[in-house]
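> Got a sequence here, can you model it:
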Amino acid sequence: MIVYHHTADNNMTPQQIHQIHKDRGWAGIGYHFYIRKDGTIYRGRPENAVGSHAPGVNSKAFGIALEGNFNNEYLTPQQMTSVIELSKYLMNKYNITDLKRHKDVRNTECPGANFPFEEIKKQLNVV
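This is a model prediction of the structure:
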């Protein structure tokens, strides 16, 4: 499973997210990947490590966070390209067919009303 998140903030470095998550008592950054507005993909937790991003499904889900607040803004074209490429990579490597938004597994607005979930699923040929 892949679970998509937003940071609900801009200009957050992976190091800042790592520190925020450590301050919460976690073992560092909870996401496996982080995509900045320029499309750069950063690794967070190793792929073989359990994430800390979606309680109840952490043990069976990769967490991908994207920089921004998608309640009042939209993914950049670079982010869209990167999230599709990264999702394809994970889907092919781990035979993943289940894609979720954070709000699909927890009571939250994340990743925001403007997150293009249906378009992502369409581009990945996921029904």
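> When you work out contacts or count neighbours from here on, use the C-alpha atoms and nothing else.
OK.
> residues in contact with the residue nearest to Arg106 when sequence neighbours are not counted?
Counting by CA to CA, 6 or more residues apart in numbering, Arg106 lies nearest to Ala54, which is 7.1 Å off, once chain neighbours are set aside. Going by CA atoms under 8 Å, 6 or more residues apart in numbering, Ala54 touches 3, 63, 102, 105-106.
> Against which helices or strands is the longest helix anywhere in the chain packed?
Longest helix in the chain by number of residues (criterion: DSSP state H): helix 77-94. Helices and strands touching helix 77-94, by 3 or more CA pairs under 8 Å, 6 or more residues apart in numbering; DSSP states H and E, are strand 33-35.
> Show me which residues of the helix or strand that the strand it packs on is followed by are buried.
Downstream of strand 33-35, the next assigned helix or strand under DSSP states H and E is strand 41-43. Across strand 41-43, burial judged by 16 or more other CA atoms under 10 Å covers 41-42.
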